[in-house]
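Peer 1: Any chance you can model this:
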Amino acid sequence: RAGADAAKLLNWAQSQGATVSHQLAIRRTTYGGNGLFVNEAVAKGTPLVRIPGDLQLGVEVLAKSDAADLQRFVKGLPWQEVVAAGLGFLPCAAAICAERRNAESRFAPYLQFLDEVSYTNAIASCDTDDCPSLAACDAVAAEKVRKMRYGLRAAAQANSIDVKELCWAAAVVCSRSLRRRVAPPLSPEAVDNVGPVAATDRSRLLPVIDLVNHGGEQANAAVQPLKNDPQDPFATCLVAARDLEADEEILIDYGAGSPPAGRAETFLLDYGFVLPGAGAYGFAALEGDFLPAVGRFAAERTGMRDVSPAELDRLKARIQRLVAAASAAHKGKPLAFDDTGEPTPETLSLALALSCRGPADVACVCDGAAPDAAHVDLARQALRAAAAAALARADAAPQFEPSTPFDAAATAYADAVREALSRAAT
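Peer 2: Below is the predicted model of the structure:
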């Protein structure tokens with residue numbers, strides 16, 4: 001059955017204008033699910049799959065459909081709140097819903113293939129907003145899950161859209177779609193159908209290409225837009241990034257666009273998995289963990305009384321910039337420790353700014369000069385205390401039995417975060 005379905009999908013894609021190398025095959029992987037493989041050796045740079053622009057499922061398909069209710073849905077969304085909840089991909093999800101309803105959809109064989117896949121990411125189930133095991137060790141990520149689930153459910157219910165249908169489509173988009181750097185422009189009529197904001201959604205499902213699994217550092221292929229294709233400037237191609245051996249699985253890096261401190265979170269929330277040796281970072285709260293830790297060193301910081309008001313203002317401005325930079329590097333979390341327990345460079349810079357002992361330290365921080373060893377030692381002591389406080393809080397939280405595949409993955413993620421905090425605290 002799996003082999004027949006795979007052949008059917010490849011035949012369908014080719015019948016719709018896709019180019020699929022004869023060297024390519026869909027097979028079951030040893031770790032479960034489908035994957036793309038090469039039947040014979042392939043040279044670096046070989047195109048494996050080419051998907052034309054009009055076979056990429058996204059908002060333009062919705063804009064041209066007869067699904068007036070779904071068009072009204074995305075057109076009327078409160079976009080500021082939607083984007084803040086991490087749901088900017090809803091137009092693509094609505095496009096999937098529209099095509100599932102359409103008995104004559106050209107995407108029907110592809111959607112049938114998607115129906116047989118299990119999705120385990122954060123949005124795959126919207127029955128509850130809470131994820132206790134995640135909240136205990138990464139409150140920021142838990143809040144992201146809460147906002148996504150609540151936002152999707154509220155948007156669907158406010159517009160009489162089937163919640164389960166939209167939830168399934170959203171899970172598909174989160175786990176399978178890619179974002180185009182440049183998307184085909186919509187006609188004025190199409191933009192009017194879905195609204196100017198929804199029309200900018202660049203999330204696209206790429207049939208066949210979306211079967212490629214995650215390889216991380218072992219990635220051997222890349223997805224590339226064919227900007228110079230004279231026939232179709234919006235075509236997208238899967239290309240071998242190195243020489244491939246016969247029967248080798250084709251892999252890409254799902255986390256290529258995420259900062260190192262946020263990759264494990266991306267894998268969990270978008271794809272619903274945690275890799276062995278996940279490399280998850282540990283996180284401490286700025287106000288709840290670090291500032292009380294710095295307060296323990298009041299005797300070493302009496303020199304701060306001698307800092308002039310002008311220099312204090314300069315330090316405050318510097319701290320604001322460092323908090324913003326650290327939050328951007330850690331997906332919203334200012335203080336992060338890698339899987340060895342080492343604070344990130346952004347975390348250490350922020351800790352130094354928040355633990356100044358007097359005018360000399362303030363001048364070093366504000367001017368970007370190298371701090372002395374004693375200041376670095378104090379900042380690191382405070383960070384170890386903050387990590388210990390975060391770990392104690394996570395360990396004290398009630399334990400829950402996972403009730404969904406995502407909950408099980410979140411529990412594994414939480415264990416990896418605790419391990420990083422344990423190392424950071426010692």
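Peer 1: so who does the most centrally placed residue in the chain touch?
Peer 2: Central residue of the chain (CA atoms, centre = their mean): residue 266, 3.4 Å from the mean position. Listed by CB atoms under 8 Å, 6 or more residues apart in numbering, the contact set of residue 266 reads 254-255, 258, 331. In short, each C-beta sits where N, CA and C put it, glycine included.
Peer 1: now the one helix or strand it maps to, how far from the chain's geometric center?
Peer 2: For residue 266, the element it lies in under DSSP states H and E is helix 263-266. Distance of helix 263-266 from the chain centroid (CA atoms, centre = their mean, to the nearest Å) equals 6 Å.
Peer 1: Report the distance from whichever helix or strand comes after it to the chain centre.
Peer 2: Next helix or strand after helix 263-266 toward the C-terminus (DSSP H and E): strand 282-284. Mean-position distance between strand 282-284 and its chain equals 18 Å (CA atoms, centre = their mean).
Peer 1: what does stretch 136-145 give?
Peer 2: 14 Å.
Peer 1: what comes up buried for that stretch?
Peer 2: Within stretch 136-145, the residues that count as buried by 16 or more other CB atoms under 10 Å are 136-142, 144-145.
Peer 1: so which pair among these is furthest apart in space?
Peer 2: Maximum pairwise distance among those (CB to CB): 15.1 Å, between 136 and 144.
Peer 1: one step back: of the contacts of residue 266, which is the nearest to residue 291?
Peer 2: Nearest to residue 291 out of the contacts of residue 266 is residue 331 (CB to CB; 21.2 Å).
Peer 1: Relative to residue 151, how far out is the residue nearest to the centre of the chain?
Peer 2: 19 Å (CB to CB, to the nearest Å).
Peer 1: quick one: the helix or strand harbouring residue 312 to chain centroid distance?
Peer 2: In this structure, residue 312 sits in helix 309-329 according to DSSP H and E. Relative to the centre of its chain, helix 309-329 is centred 27 Å away, using CA atoms, centre = their mean.
Peer 1: What of stretch 40-49?
Peer 2: Its chain's C-alpha centre and that of stretch 40-49 lie 28 Å apart, by CA atoms, centre = their mean.
Peer 1: can you tell me the average pLDDT over the helix holding residue 312?
Peer 2: Across helix 309-329, the average pLDDT comes to 97.
Peer 1: List the buried residues for it?
Peer 2: Neighbour counts over helix 309-329 (16+ other CB under 10 Å) mark 314-315, 318-319, 322-323, 326-327, 329 as buried.
Peer 1: Redo these as TSV? Include distance to residue 70.
Peer 2: Below are the buried residues of helix 309-329 laid out as TSV (distance: CB to CB, whole Å):
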residue	distance to residue 70
314	52
315	52
318	48
319	46
322	44
323	40
326	40
327	35
329	37
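Peer 1: ok, the residues you listed vs residue 178, which is closest?
Peer 2: Using CB to CB, those come closest to residue 178 at residue 329, 23.3 Å.
Peer 1: which non-adjacent residue is nearest that closest one?
Peer 2: Excluding the flanking residues, the one nearest residue 329 by CB to CB, 6 or more residues apart in numbering is residue 346, at 4.7 Å.
Peer 1: Please list all residues in contact with that neighbour.
Peer 2: When contacts are counted by CB under 8 Å, 6+ apart, residue 346 touches 322, 325-326, 329-330, 334, 336.
Peer 1: please redo it, this time with the cut-off set to 7 Å
Peer 2: 325-326, 329 (CB atoms under 7 Å, 6 or more residues apart in numbering).
Peer 1: Closest to residue 375 out of those residues?
Peer 2: Residue 375 lies nearest to residue 326 out of these, by CB to CB, at 18.1 Å.
Peer 1: pretty sure the closest one is touching residue 343, no?
Peer 2: No: contact between residue 326 and residue 343 fails when scored by CB atoms under 7 Å: they sit 10.0 Å apart.
Peer 1: Report the distance from stretch 99-107 to the chain centre.
Peer 2: Distance, stretch centre to chain centre, for stretch 99-107: 29 Å (CA atoms, centre = their mean).
Peer 1: can you tell me which helix in this protein is longest?
Peer 2: In terms of residue count, the longest helix belonging to the chain (DSSP state H) is helix 373-396.
Peer 1: you'd agree residue 37 is in a strand?
Peer 2: Yes: secondary structure assignment (DSSP: H, G, I helix; E, B strand; the rest coil) places residue 37 inside a strand.
Peer 1: beta partners for it?
Peer 2: Going by DSSP bridges, residue 37 is paired in beta bridges with residue 25, residue 249.
Peer 1: what residue ranges in the chain score low on pLDDT?
Peer 2: Of all residues in the chain, those with pLDDT under 70 make up the ranges 1-4, 227, 257, 277-278.
Peer 1: Please enumerate the strands of the stretch 101-250 of the chain.
Peer 2: Assigned by DSSP state E, counting those that start in this stretch, the stretch 101-250 of the chain shows strands spanning 178-179, 203-204, 213-214, 221-225, 236-240.
Peer 1: In contact with the residue of the chain most remote from its centre: list those residues for me.
Peer 2: Outermost residue of the chain with respect to the C-alpha centroid, by CA atoms, centre = their mean, is residue 306; its distance is 45.1 Å. By CB under 7 Å, 6+ apart, residue 306 lies in contact with 358-359.
Peer 1: How much space separates it from residue 360?
Peer 2: Using CB to CB, one gets 10 Å for the distance from residue 306 to residue 360.
Peer 1: Residue 24 too?
Peer 2: Noted for residue 24: a distance of 63 Å to residue 360, by CB to CB.
Peer 1: Surely residue 208 and residue 52 touch.
Peer 2: No: using CB under 7 Å, residue 208 is not in contact with residue 52, being 11.9 Å away.
Peer 1: Common neighbours of those two, please.
Peer 2: Taking CB under 7 Å, 6+ apart as the contact rule, residue 208 and residue 52 both touch residue 18.
Peer 1: what about those two, which has more around it?
Peer 2: Set residue 208 next to residue 52 and count neighbours by other CB atoms under 10 Å: residue 208 wins out with 25 against 17.
Peer 1: Now do the contacts for the more buried one.
Peer 2: 9-10, 13, 18, 20, 49, 51.
Peer 1: sorry, back to before: the residue nearest to residue 329 sits in which helix or strand?
Peer 2: helix 345-354.
Peer 1: Appreciated, that's everything.
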